[in-house]
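>>> Below are the sequence and a predicted model for it; my questions follow.
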Amino acid sequence: MKSLFICISLLMLTTMPALAVNEITLGKFSSADLSGWKEQTYFNSKKTVYSFVQDNGKTVLMGKSSNSASGLLYKIKLDPKKYPIIKWSWKIEHTLKNANDKTKEGNDFAARLYVVFPRGFFLSTRAIEYVWGNSLRRGDTARSPYSKNFVMIAVDSGDGLAGQWTFHKRNIAEDYRNSFGEETPKIGAIAIMTDSDNTHESATGYYGDITLMPAQIEEEQKSKEPQQKEQPGCNGSSTTPPAAP
């Protein structure tokens, strides 16, 4: 089960301590830094190749999949009441032609980001998957075909914005409550994955920095932002970013 590899891998990693309440950049990809990120393979699938590349003069992380599936995972222990906001940027070259996001046979994505919530036994672990949808439309949510404990949220969709960077800011706590109908447990890991093993196609995704923000910083930033300067998407997404993250 592809989604469950995140859960199993999470249990195998050593526990990371909780951090002080400051903005935390886990994905320091613009500095070509993968510190803390561990490669996670998916059973017998070939590995997706992750490497740093230049995009408009800036460093980003590229995931290149050719009939492959593996991800990168960062283990961390955080209280979502203190760190409810995650922000990141990404782009893709194209979606997967034969993908059907709601089926196991078609569940591949050029770009996806997991927020993982351990809950005792790994089969009880829950996760939110922010995805660049193939068949899912922007704003759609659906249970993963691999586990009812995984919810996919399409923050981008289709090829209309392929080749362009999109920036996203999501309230993890709100998304979790809306998805599972309960208060949000501790965050246990963040992961990214570009995969195409089910469709046997090729996919390329690019990832900018990934940051977790405390609630008070989010409120301070909101108060300083000019009104209506960018076109918002679902739960705080922008499709009018600069050329590179």
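All right, it came through fine.
>>> what ranges do the helices span in the protein?
In the chain, the helices defined using DSSP state H lie at 4-12, 172-180, 215-224.
>>> quick one: buried residues of the second one?
Neighbour-count burial for helix 172-180, counted by 16 or more other Cβ atoms under 10 Å, picks out I172, A173, D175, Y176, S179, F180. The C-beta positions use only the backbone N, C-alpha and C, and glycine is treated the same way.
>>> show me where pLDDT drops low in this structure?
1-21, 121-122, 217-245 (pLDDT under 70).
>>> Give me the angle between the lengthiest strand in it and helix 172-180.
The longest strand of the chain (DSSP state E) is strand 202-213. Strand 202-213 and helix 172-180 are oriented at 120 degrees to each other (axes from the mean of the first three to the mean of the last three Cα atoms, to 10 degrees).
>>> Count the neighbours of the closest residue to E201 other than its chain neighbours for me.
With Cβ to Cβ, 6 or more residues apart in numbering as the criterion, E201 has its nearest non-adjacent residue at 5.1 Å, and that residue is L96. Per other Cβ atoms under 10 Å, the neighbour tally for L96 reads 25.
>>> swap in K77?
K77: 14 neighbours (other Cβ under 10 Å).
>>> wait, doesn't it sit right on I187?
Yes: counting by Cβ atoms under 8 Å, K77 does reach I187; the two are 7.3 Å apart.
>>> measure the residue nearest to E201 to G208 for me?
Counting by Cβ to Cβ, to the nearest Å, the separation of L96 from G208 is 21 Å.
>>> cool, and K38?
To G208, K38 is 20 Å away according to Cβ to Cβ.
>>> just N56 next, same as before
For N56, the distance to G208 - Cβ to Cβ - is 11 Å.
>>> ditto for T199
Applying Cβ to Cβ to T199 and G208 gives a distance of 25 Å.
>>> which of the two has more neighbours?
Using other Cβ under 10 Å, the more surrounded residue of T199 and G208 is G208, with 24 against 20.
>>> need the contact list for that one.
By Cβ atoms under 8 Å, 6 or more residues apart in numbering, G208 lies in contact with G27, F29, S30, V60, L61, W88, S89, W90, W165, F167, A244, P245.
>>> same check, this time on N22
P214.
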